[in-house]
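Q: Pasting the sequence and the predicted model now:
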Amino acid sequence: MFTKTIPISEAAKMLSVSLDTIRRWEKKGLIKASRDSSNTRIFDVDELKRAYDKYIGGGVSTTYKVLKTTKKTPFKTVELFAGAGGLALGLENAGLRHELLVEIDKNAAETLSTNRPLWNVMCADARDISYKNIKADIVIGGFPCQAFSFAGKKLGFEDARGTLFFELARAIKEIQPKIAVGENVKGLLRHENGKTLSAMIDIMDELGYRVVTKVLRAQYLDVAQKRERLIILCIRKDLDMPFIFPKEKNYTVALKDVLTNVPHSEGQTYPEKKKKILDQIPPGGYWRDLSDRLQREYMGASYFMGGGKTGMARRLSWDEPSLTLTCSPAQKQTERCHPDETRPLTVREYARIQSFPDTWKFAGSTASQYKQIGNAVPVNLGFHLGKCLIAMLDGSFDKKNMEYVLAEQNLFAISTYTQPDLFEMEEALI
């Protein structure tokens, strides 16, 4: 289907808005820009019209739901570092079956077992598990990013020993799945100036896998949150199989679309002094909306430092996706204040934004529940990824919701997806 695109000057003229408005929407991750053959930024006309209706017209909402298919497949997965089950639930909703889930945190493992008693959940350190007798089509894991010791040499499989990536690679080596997936923050692209990711790709090559990497942006995949995740997609070299990724939508889901009739739950509270400050922040605003006197009082020494510090004294907006959720909604540098009420988001509001269903219960203290949700892969992002993995295995490619990425496009796939500096600090604090 032909998609009409226009440059920014025509976009502003068509909508009767300023160029700065279009730039602001793009910077906030509310609309996407691509580049034409002359490297000029261009915008999808239909997406621009939706953005105008939503952010200026004020009357348009996007239908939100936890995505789920009724069709089950025979394909099995093994997941390491499963956390509270955001990715696992998304993959299940897409039609995949779980052979094993490994999680070291007791509360997160209890969350998994409570919600899915039939799942094979092992509350254990991934280092202590043998995978030699396990069969699965897919091995997947969101491993923590750790530094390697390079010493000026190309790293091999054994050189990664001691890192949690090594444990994921070991599971892949022992199981020999058709597909392997690593998931991490976008910051891995820049870690050690890219050497860490390059080493991981070299190790997967040594293990017999072709690799493509791409950043997925959750706000364009039915999640009410500006969250970016790096996907390292690997296919066993003996298989003639394409790399398939979710195709971004031309709409975003706003907080007003998801935070309706949210069940009551526990939540953090603000000290009275902080509450008085945040009372003066408008929806979508942050510390710069305070008077200069209050800015100095609240920010302290940070007032004189560089950088936007856009997460500080931040109140979310009803009309936009949430900023990236972190392990706590009330950290000073990554504030997540409710759009209307002067309080942090509650546990169930956190879960809604991560596209968990209201029936998904979290174990442990309130602080532990926030941490589990903040660390999770959004369920709907997991669904879209799961549908692509299934399509790679059975050929059920859906051109409306999926796209092919060639191995030689690897660097292109990395560099195309860039986000404003707004998210850099928040990503590092997840």
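A: Everything's here; your move.
Q: only C-alpha atoms for contact and neighbour calcs from this point on.
A: Fine.
Q: What does the pLDDT read for residue 417?
A: If you check residue 417, the pLDDT there is 35.
Q: quick one: buried residues of whichever helix or strand residue 196 is part of?
A: Using DSSP states H and E, residue 196 falls within helix 195-206. Using 16 or more other Cα atoms under 10 Å as the test for burial, helix 195-206 gives 195-197, 199-205.
Q: Would you map the helices across the stretch 101-250 of the chain?
A: Using DSSP state H, counting those that start in this stretch, the helices of the stretch 101-250 of the chain run over 106-115, 164-175, 195-206.
Q: got the contact list for residue 298?
A: Residue 298 makes contacts with residue 277, as judged by Cα atoms under 8 Å, 6 or more residues apart in numbering.
Q: I meant residue 8, not that one.
A: Residue 8 sits in contact with 19, 22, 41-43, where contact means Cα under 8 Å, 6+ apart.
Q: Quick check: it vs residue 15, distance?
A: According to Cα to Cα, to the nearest Å, residue 8 and residue 15 sit 11 Å apart.
Q: again with residue 130
A: Relative to residue 15, residue 130 is positioned 59 Å away (Cα to Cα).
Q: Of these two, which one has the most company?
A: Between residue 130 and residue 15, residue 15 has the larger neighbour count (other Cα atoms under 10 Å), namely 16 against 12.
Q: The nearest residue to the more buried one once chain neighbours are set aside: how many residues sit nearby?
A: Closest residue to residue 15 in three dimensions, ignoring its sequence neighbours and counting by Cα to Cα, 6 or more residues apart in numbering: residue 52, at 7.1 Å. Applying other Cα under 10 Å, we find 18 residues neighbouring residue 52.
Q: Quick check, residue 42 in contact with residue 26.
A: No - Residue 42 is beyond contact range of residue 26, at 11.1 Å (criterion: Cα atoms under 8 Å).
Q: list residues touching both of those two?
A: Common neighbours of residue 42 and residue 26 (Cα under 8 Å, 6+ apart) are residue 33.
Q: Can you check the pLDDT for the residue lying farthest from the centre of the chain?
A: Distance from the C-alpha centroid of the chain peaks at residue 293, with 36.7 Å (Cα atoms, centre = their mean). On the pLDDT scale, residue 293 is placed at 93.
Q: Could you do the one 10 residues further on as well?
A: With respect to pLDDT, residue 303 has a value of 86.
Q: Ok, residue 350 next?
A: Value listed for residue 350 in the pLDDT field: 98.
Q: And for residue 408?
A: At residue 408, pLDDT is 62.
Q: pretty sure residue 224 contacts residue 254?
A: Yes - at 5.4 Å, residue 224 counts as touching residue 254 under the criterion of Cα under 8 Å.
Q: Pull up the overlap in contacts between the two.
A: With Cα under 8 Å, 6+ apart, residue 224 and residue 254 have common neighbours 320-322.
Q: Now neighbour count, secondary structure and distance to residue 116 too, for these, in CSV please.
A: Below are these laid out as CSV (neighbours: other Cα atoms under 10 Å; DSSP: H, G, I helix; E, B strand; the rest coil; distance: Cα to Cα, whole Å):
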residue, neighbour count, secondary structure, distance to residue 116
320, 24, coil, 32
321, 27, coil, 29
322, 26, strand, 28
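Q: Looks to me like the residue farthest from the centre of the chain is in a helix.
A: Yes - under DSSP: H, G, I helix; E, B strand; the rest coil, residue 293 falls within a helix.
Q: what's the longest helix in the chain?
A: Counting residues, the longest helix found in the chain (DSSP state H) is helix 379-394.
Q: if we can go back for a sec, please report which of the contacts of residue 8 has the highest neighbour count.
A: residue 43 (23 neighbours).
Q: Quick check: the gap between residue 371 and residue 351.
A: According to Cα to Cα, residue 371 stands 11 Å off from residue 351.
Q: Comparing those two, which residue is more hemmed in?
A: Shown here are residue 371 and residue 351; by other Cα under 10 Å, residue 351 has more neighbours (27 against 21).
Q: Helix or strand: which one has the more buried one?
A: helix 347-353.
Q: And the next helix or strand past that helix?
A: Sequence-wise, the next helix or strand downstream of helix 347-353 (DSSP H and E) is helix 366-375.
Q: And that next one, how far out from the chain middle?
A: Put simply, helix 366-375 sits 15 Å off its chain's centre (Cα atoms, centre = their mean, to the nearest Å).
Q: what's next to that helix, contact-wise?
A: Applying Cα under 8 Å, 6+ apart, the set of residues contacting helix 366-375 is 83-84, 107-108, 266-268, 325-329, 347, 350-351, 354, 362-363, 430.
Q: switch to 6 Å and redo it
A: 84, 325-328, 362 (Cα atoms under 6 Å, 6 or more residues apart in numbering).
Q: With stretch 42-62 instead?
A: 4-7, 33-35, 250, 253.
Q: Could you tell me which of the residues you listed are located in strands?
A: Judged by DSSP state E, the contacts of stretch 42-62 include 5-7, 34-35 as members of strands.
Q: Lovely, talk soon.
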